[in-house]
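In: Give me a model of this one.
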Amino acid sequence: MSRLFGTDGVRGIANSELDSSLAYKLGRAGAYILTQENQHKPRIAVGKDTRISGDMLESALVAGICSMGGEAVVLGVQPTPAVAYITRQMGLDAGIVISASHNPFEYNGIKFFNSNGYKLPDSLEDKIQHIIENDMESLPNPIGENIGKRTEIDDAVHTYVDFLKKTIDVNLKGLKIALDCANGASYIAAPSALTDLGAEIVFINNKPDGKNINKSCGSTHPEDLQKLVVKTGADIGLAFDGDADRLIAVDDKGDIVNGDFVMAIIAKHLKAKGKLKKDTLVSTIMSNLGLEITCRQEQCNMIRTKVGDRYVLEEMTKNGYNLGGEQSGHIIFLDHNTTGDGLLTALQLLSVVKETGNRLSELKSIMVELPQVLVNAKIKNENKNNYMADSEIKAAIEKIEAEMKNSGRVVIRPSGTEPLVRVMLEGEDQNIIEKMAKDLAALIEKKLS
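Out: Numbers count the residues shown, from 1 in each chain. Okay, the predicted model is just below:
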């Protein structure tokens, strides 16, 4: 069997690729591994987003944890970063999130955090998978008083909101904020935190029904938010994804402010206050060249990693940096939390707006974005990593790189969660790189489908 865990946990279509049987096994095997690691009965937080399949998978996962004698501390609907924070704050042994992030509602996923709120290392994920594939029947079956239990925490979201409010030193009075909660996990926490801090809010996509999460809304579809900002005269728009671990902003003119701009704005602000550790920002190979140029101009270092917030986090923890993230809006503030946190990012950005007195449209002028094109090539899932093994595809990539010389980049990467290869080109002429990207994606589809 191929690796069960992707870059962001186990993910698939609910009740098909990810069914209750697999969820039960993940809970059971995960609790067992954690028991071995910690030498005591584990207490494990369980949170979820608003997908209709969340109840089914939560029940199975909790049953698996309890079957191993563990205590499942059920948090209900929570942003992913809230689960990471509460796991650490309550001194639990692990946290589990049931979510497929920005994917459509029919998908779901299961990802683990360790006791410190960090995603599990590959080695522990591999141990869990090994048990599921080979040793499930050999696991012990506690009976009597040794069976685990389910505990529900009713006010977990308020614990998270209280934490968020303490991460900034200003109130938000005088700011009008347009909010898009993607009908997802932030629908309680985001309005609560912003109104508690004094902001005036108007919002859309704040009524989850289990099927409308991420549906033409949120950070991957901010078009309606852009219109709302202009219509209501809001100072800023904030769009989260389904599990609220990413943020895409909209400025006062209705223009998108993606993760690269947000990181540029906040890195400059933190450096000016002497709070950017080692004057370094960590991002990925997908971040725009404009961010790199801005960092040089602001006398900051920029380090690139592979795509995925786990790789950004690895670099940050390894070398003591406190700010990193992705163009997609996953941004990590290690002084405050251990994973990408959309609400935390929103508050940090809003604090810059308040402290500087500048509008977001003015703050974003720090960076000039080079034209960038991203095209998805739909291929067979088993062929995702074979693009460089094909001589024709390899030659096409080399030809594009030669034509662009030093004025652009080609980045090819397989999706961690879907049967896609993502083709990204960056350069000076939008029309030229768009044609190049489409032609290359078409070739990849032809050769690997």
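In: Strands of the stretch 101-250 of the chain, residue ranges please.
Out: Here the stretch 101-250 of the chain has its strands, by DSSP state E, counting those that start in this stretch, at 107-114, 149-152, 176-180, 200-204, 236-240, 247-250.
In: how about the first one: buried residues?
Out: Meaning strand 107-114. Residues of strand 107-114 classed as buried: 107-114 (neighbour count, 16 or more other C-beta atoms under 10 Å). Every residue, glycine included, has its C-beta placed from N, CA and C.
In: just to revisit the earlier point, and the strands of the stretch 101-250 of the chain: which comes nearest residue 57?
Out: Residue 57 sits nearest to strand 107-114 of all the strands of the stretch 101-250 of the chain, at 5.9 Å, using C-beta to C-beta.
In: How far off centre is that closest one?
Out: Distance of strand 107-114 from its chain centroid, counting by C-alpha atoms, centre = their mean, to the nearest Å, is 12 Å.
In: Can you give the domain ranges for this structure?
Out: 10-154, 159-366, 372-448 (automatic domain parsing).
In: Please produce JSON lines containing the ones you listed, extended by mean pLDDT.
Out: Output for these, formatted as JSON lines (pLDDT from 0 to 100):
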{"stretch": "domain 10-154", "mean pLDDT": "94"}
{"stretch": "domain 159-366", "mean pLDDT": "97"}
{"stretch": "domain 372-448", "mean pLDDT": "89"}
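In: can you redo those domains as CSV with distance to residue 4?
Out: As requested, the domains of the chain are arranged in CSV below (distance: least, C-beta to C-beta, whole Å):
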stretch, distance to residue 4
domain 10-154, 4
domain 159-366, 16
domain 372-448, 13
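In: what's the closest of those to residue 2?
Out: Set against residue 2 and scored by C-beta to C-beta, the domains of the chain come closest in domain 372-448, at 7.8 Å.
In: Tell me the gap between the closest one and the middle of its chain.
Out: 24 Å.
In: and it, how far apart are its ends?
Out: 24 Å (C-alpha to C-alpha, to the nearest Å).
In: Please name the spatially closest residue to residue 87 (chain neighbours excluded).
Out: residue 95 (3.4 Å; C-beta to C-beta, 6 or more residues apart in numbering).
In: what about the nearest residue to residue 11 once chain neighbours are set aside, distance to residue 322?
Out: Spatial nearest neighbour of residue 11, chain neighbours left out: residue 109 (3.6 Å); criterion: C-beta to C-beta, 6+ apart. As judged by C-beta to C-beta, to the nearest Å, residue 109 and residue 322 stand 28 Å apart.
In: just residue 379 next, same as before
Out: Here the criterion is C-beta to C-beta. By it, residue 379 lies 38 Å from residue 322.
In: try residue 409
Out: 27 Å.
In: Also residue 237?
Out: To residue 322, residue 237 is 26 Å away according to C-beta to C-beta.
In: What of residue 229?
Out: Look at residue 229 and residue 322: by C-beta to C-beta, they are 30 Å apart.
In: Looking at the two, which is more packed in?
Out: Per other C-beta atoms under 10 Å, whichever of residue 229 and residue 322 has more neighbours is residue 229, with 28 against 18.
In: which residue packs closest to that one, ignoring adjacent ones?
Out: For residue 229, ignoring the flanking residues on the chain, the nearest one in space by C-beta to C-beta, 6+ apart is residue 237 at 4.2 Å.
In: go on, residue 397?
Out: Of all residues not flanking residue 397 in the chain, residue 410 sits nearest, at 5.9 Å (C-beta to C-beta, 6+ apart).
In: How about residue 317?
Out: residue 334 is the one closest to residue 317 (C-beta to C-beta, 6+ apart), at 7.3 Å.
In: That neighbour: what's it in contact with?
Out: Contacts for residue 334 (C-beta atoms under 8 Å, 6 or more residues apart in numbering) come out as 313, 316-317, 321-324.
In: what two of these are the furthest from one another?
Out: With C-beta to C-beta as the measure, no two of the contacts of residue 334 lie farther apart than 317 and 323, at 12.7 Å.
In: Which residue is most remote from the mean position of the protein?
Out: Computed with C-alpha atoms, centre = their mean, the residue of the chain farthest from its C-alpha average is residue 144, at 40.1 Å.
In: For the nearest residue to residue 336 once chain neighbours are set aside, which residues are in contact?
Out: Ranked by C-beta to C-beta, 6+ apart and with sequence neighbours excluded, the top spatial neighbour of residue 336 is residue 167, at 5.0 Å. By C-beta under 8 Å, 6+ apart, residue 167 lies in contact with 333, 336, 344, 347-348.
In: Now, those residues that are in strands?
Out: Residues of the contacts of residue 167 located in strands (DSSP state E): residue 333.
In: By neighbours, which of the contacts of residue 167 wins?
Out: Counting neighbours by other C-beta under 10 Å, residue 344 leads the contacts of residue 167 with 27 neighbours.
In: between residue 317 and residue 323, which one's more packed in?
Out: Under the neighbour definition other C-beta under 10 Å, residue 317 and residue 323 were set side by side, and residue 323 has more, 25 against 15.
In: rewinding a little: with distance to residue 215 as extra columns, can I get the contacts of residue 167 in TSV?
Out: Formatted as TSV, these follow (distance: C-beta to C-beta, whole Å):
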residue	distance to residue 215
333	29
336	30
344	25
347	26
348	28
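In: nearest to residue 62, of the contacts of residue 167?
Out: Nearest to residue 62 out of these is residue 344 (C-beta to C-beta; 27.5 Å).
In: how much space between the closest one and residue 429?
Out: Going from residue 344 to residue 429 by C-beta to C-beta gives 37 Å.
In: can you check residue 33 too?
Out: Per C-beta to C-beta, residue 33 is found 52 Å from residue 429.
In: Between those two, which has more neighbouring residues?
Out: Between residue 33 and residue 429, counted using other C-beta under 10 Å, the more crowded position is residue 33 (21 against 13).
In: quick one: contacts for the more buried one?
Out: Residues near residue 33 by C-beta under 8 Å, 6+ apart: 124, 127-128, 131.
In: Who wins on neighbours among the residues you listed?
Out: residue 128 (23 neighbours).
In: Which residue, other than its chain neighbours, is closest to that one?
Out: residue 29 (4.7 Å).
In: That neighbour is in what secondary structure piece?
Out: Assessed by DSSP states H and E, residue 29 sits inside helix 20-38.
In: now the angle from that helix to strand 107-114?
Out: Per axes from the mean of the first three to the mean of the last three C-alpha atoms, to 10 degrees, the angle that helix 20-38 makes with strand 107-114 is 10 degrees.
In: Mind giving me the packing neighbours of the next helix or strand after helix 20-38?
Out: Going down the chain from helix 20-38, the next helix or strand is strand 43-48, by DSSP H and E. Judged by 3 or more C-beta pairs under 8 Å, 6 or more residues apart in numbering; DSSP states H and E, the packing partners of strand 43-48 are helix 20-38, helix 54-67, strand 71-77, helix 80-89, strand 94-98.
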